[in-house]
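1. A predicted structure for the sequence below; I have some questions about it.
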Amino acid sequence: GIRDEDGVLTGFHGVSRDITTRKRVEEEWRESESRFLDVMHASRDAIAVIGENNRFVDCNESAAKMHGYSTREDILMCHPGELSPPRQPDGRDSIEKADEMIRLASEKGYHRFEWMHRKRNGEDFWSEVSLTPIFYEGKRLLYAIWRDITELKQAEEVLRQSEEKFRLIFYNTPDSICINRLKDGAYLEVNKWFTVYSGFMPEEVIGKTPRQINIWADPADIKKLLKYLKEKGVVSNLEARFRTKEGAIRTCLMSAAIVNVQGEPCILSISRDITHLKELEVQIERERNRAQMYLDIAGVMLLVLDVDGKISLINKKGGEVLGYDDPKELIGVDWFEKCLPEKVKDEVRGVFDQIIRGKIKPVEYYENPVCTKSGAERLMSFHNTFLYDESGRITGVLSSGEDITERVRAEEVLRKSERELKIRNEISRLF
């Protein structure tokens with residue numbers, strides 16, 4: 001106050017300050033806090049506020065429902081670790097780990113992580129948690145939001161299992177498996193059997209193209225592969241020749257498809273080394289040709305029928321007897337329908353079928369007429385050897401046939417002459 005010389009109060013003096021801005025800021029802050037609470041309680045996401053004692057001081061109804069509780073009051077003042085199994089999947093104590101997550105969020109200003117929660121009924125579920133420090137009513141708190149990611153984790157587990165299966169198949173299948181980039185053919189991945197077959201170690205080919213390691217023995221093969229992939233997207237059982245690191249040529253049976261690897265179109269190929277089989281095929285063909293040569297020089301018809309009566313083998317002599325320049329025309333043909341006269345085919349087929357079914361004993365010798373390509377009939381005598389599998393079932397018959405037409409005719413002429421001579425002798429004795 002202001003006083004005169006006698007000490008009498010005569011007035012006042014003071015300092016005034018404009019607090020309009022401060023009051024406006026405080027009002028805006030209260031409105032902001034109100035809006036924050038409105039948003040939090042209206043959100044479908046689980047949202048909570050964690051206080052200085054690491055316990056929930058506020059949360060919305062979604063947080064309660066996500067944990068199987070009826071009202072938000074059921075989980076207020078709970079520690080996040082108390083809404084979790086005793087230990088997290090990594091084996092750590094949930095309360096201790098929750099405290100650490102809260103500390104990291106406070107130190108870094110933000111922290112996001114995955115967490116295993118537990119519902120009221122004991123069911124565990126995965127969530128993704130985000131923690132953000134905030135100031136609320138003058139206090140430093142943590143704003144927590146979490147989403148149920150159980151389905152995402154299940155999908156990840158399915159994907160992980162699928163990738164694990166692929167990895168096991170990729171690295172353990174006893175065939176060469178490669179992944180090559182489509183645009184340039186560069187190797188991205190190879191399995192151990194690629195090394196076994198080719199001699200190249202993975203580090204010698206990864207990032208390189210087939211041309212750089214000179215692995216295709218015939219450029220036409222890779223052109224066919226790319227052509228088929230472009231037309232159909234897949235290739236099955238393409239026979240191709242490859243060159244090993246040592247320069248040896250190997251024949252492989254290759255299947256391939258275009259796949260997407262991390263957004264990059266690639267060729268996934270599986271190749272099986274059939275070099276040994278091809279060598280065996282050559283040997284078998286050589287032996288077959290040799291056997292056919294022996295069959296062809298035989299002076300009798302040699303014929304093999306399967307259980308359906310179809311011709312599976314016939315030699316050159318058999319073709320000559322039946323009037324065929326190329327006996328291969330008869331392979332796969334029904335013997336009874338094509339080569340027997342109408343008058344006997346049903347009878348002979350009936351005997352054959354009964355033998356095949358085991359109704360009667362095999363006939364080792366049989367005479368019947370055959371019909372040539374021109375329609376003429378020839379009389380044949382057949383010696384039969386039946387073929388059996390390991391279980392004793394008949395699988396076919398090998399027959400050697402001799403054309404006895406002329407012999408039978410000669411015998412008939414001889415018998416006729418003998419009868420005529422006998423008649424003459426009897427007449428001469430009478431006179």
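-> That came through fine.
2. I'd like the distance between Glu204 and Ala220.
-> 25 Å (C-beta to C-beta, to the nearest Å). (Each C-beta comes from the backbone N, C-alpha and C, glycine too.)
3. tell me what the helix or strand hosting Val235 is packed against?
-> Per DSSP states H and E, Val235 falls inside strand 234-243. Under the contact criterion of 3 or more C-beta pairs under 8 Å, 6 or more residues apart in numbering; DSSP states H and E, strand 234-243 touches helix 219-232, strand 249-261.
4. could you pull out the strands for the stretch 101-250 of the chain?
-> 111-118, 124-136, 139-148, 176-181, 187-190, 234-243, 249-261 (DSSP state E, counting those that start in this stretch).
5. quick check: mean pLDDT across the fifth one?
-> Across strand 187-190, the average pLDDT comes to 94.
6. related to what we said a few turns ago, would you convert the helices and strands packed on strand 234-243 into TSV that also reports distance to Asp273, mean pLDDT and mean neighbour count?
-> Listed next are the helices and strands packed on strand 234-243 as TSV, based on distance: least, C-beta to C-beta, whole Å; pLDDT from 0 to 100; neighbours: other C-beta atoms under 10 Å:
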stretch	distance to Asp273	mean pLDDT	mean neighbour count
helix 219-232	15	92	13
strand 249-261	5	93	16
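7. These into CSV, with extra columns for distance to Cys59?
-> Formatted as CSV, the helices and strands packed on strand 234-243 follow (distance: least, C-beta to C-beta, whole Å):
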stretch, distance to Cys59
helix 219-232, 57
strand 249-261, 43
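8. can you pull out the helices in the chain?
-> 20-42, 61-66, 94-108, 150-172, 192-198, 202-205, 210-213, 219-232, 275-297, 316-322, 335-339, 342-356, 405-430 (DSSP state H).
9. Could I get the average pLDDT for the last one?
-> Per-region confidence: helix 405-430 scores 80 on mean pLDDT.
10. Then the fourth one?
-> The average pLDDT for helix 150-172 rounds to 84.
11. Quick check: bridge partners of the closest residue in space to Ile267 that isn't next to it in sequence?
-> Using C-beta to C-beta, 6 or more residues apart in numbering and skipping the chain neighbours, the partner closest in space to Ile267 is Asn180 (4.6 Å). Per DSSP bridges, the residues bridged to Asn180 are Tyr187, Ile267.
12. who's in contact with Asn180?
-> If you count contacts by C-beta atoms under 8 Å, 6 or more residues apart in numbering, Asn180 has them with 186-188, 210, 266-267, 269.
13. again, only this time at 7 Å
-> Asn180 makes contact with 186-188, 266-267, according to C-beta atoms under 7 Å, 6 or more residues apart in numbering.
14. That one and Arg243, how far apart?
-> For Asn180, the distance to Arg243 - C-beta to C-beta - is 16 Å.
15. What of Val304?
-> Distance from Val304 to Arg243, by C-beta to C-beta: 42 Å.
16. lowest-pLDDT helix or strand in the protein?
-> Across the helices and strands of the chain, mean pLDDT, DSSP states H and E gives its lowest value to helix 20-42, namely a mean of 55.
17. low-scoring stretches of the stretch 1-150 of the chain, by residue?
-> The stretch 1-150 of the chain contains residues with pLDDT under 70 at 1-39, 41-42.
18. List the beta-bridge partners for Cys371.
-> Glu377.
19. what's the burial count for it?
-> By the criterion of other C-beta atoms under 10 Å, Cys371 has 19 neighbours.
20. who's in contact with it?
-> 339-341, 377.
21. Which of these sits closest to Lys227?
-> Cys339 (45.0 Å; C-beta to C-beta).
22. Please report how far the closest residue to the closest one other than its chain neighbours lies from Thr173.
-> In space, and not counting its chain neighbours, Cys339 is closest to Val370: 5.3 Å by C-beta to C-beta, 6+ apart. Val370 is 54 Å from Thr173, where distance means C-beta to C-beta.
23. These two: who's more crowded?
-> Val370 (24 against 14).
24. Now do the same contact list for that one.
-> Val370 neighbours (C-beta under 7 Å, 6+ apart): 322, 339-340, 378, 380.
25. could I get stretch 55-74 in CSV with only the CA atoms?
-> In CSV, the C-alpha atoms belonging to stretch 55-74 read as follows (Å, rounded to 0.1, in the frame of the first residue of the first chain):
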residue,chain,number,x,y,z
ARG,A,55,-0.4,-50.5,-13.8
PHE,A,56,-3.4,-49.7,-15.8
VAL,A,57,-4.9,-46.4,-14.6
ASP,A,58,-7.4,-46.2,-17.4
CYS,A,59,-8.6,-48.4,-20.3
ASN,A,60,-11.5,-48.8,-22.7
GLU,A,61,-14.1,-51.5,-22.9
SER,A,62,-12.4,-53.1,-25.9
ALA,A,63,-9.4,-53.8,-23.7
ALA,A,64,-11.6,-55.6,-21.2
LYS,A,65,-13.5,-57.5,-23.8
MET,A,66,-10.3,-58.7,-25.6
HIS,A,67,-9.3,-60.3,-22.3
GLY,A,68,-12.7,-61.8,-21.6
TYR,A,69,-13.8,-59.4,-18.9
SER,A,70,-17.2,-57.7,-18.7
THR,A,71,-16.2,-54.2,-17.7
ARG,A,72,-13.1,-52.1,-17.9
GLU,A,73,-13.1,-51.8,-14.0
ASP,A,74,-12.2,-55.5,-14.0
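26. Now do Glu156: how many residues are near it, please.
-> Neighbours of Glu156 (other C-beta under 10 Å): 12.
27. make that Asp124, sorry
-> Neighbours of Asp124 using other C-beta under 10 Å come to 12.
28. wait, it sits on Pro86?
-> No: at 11.0 Å, Asp124 does not count as touching Pro86 under the criterion of C-beta atoms under 7 Å.
29. what's the offset of stretch 71-84 from the middle of its chain?
-> 48 Å (C-alpha atoms, centre = their mean, to the nearest Å).
30. next one: stretch 196-209
-> On C-alpha atoms, centre = their mean, the centre of stretch 196-209 falls 24 Å from that of its chain.
31. which residues are contacting that stretch?
-> 176, 184-188, 190, 195, 213, 215, 242, 244-246, 250, 273.
32. how far does it stretch from start to finish?
-> 19 Å (C-alpha to C-alpha, to the nearest Å).
33. Give the buried residues for it.
-> Residues of stretch 196-209 classed as buried by neighbour count (16 or more other C-beta atoms under 10 Å): 197-198, 200, 205.
34. still on that earlier bit, pull out the buried members of the contacts of stretch 196-209.
-> Applying 16+ other C-beta under 10 Å to these flags 176, 185-188, 190, 195, 215, 242, 250, 273 as buried.
35. which one of those is nearest Lys416?
-> So of those, ranked by how close each gets to Lys416 (C-beta to C-beta), first place is Asp273, at 70.5 Å.
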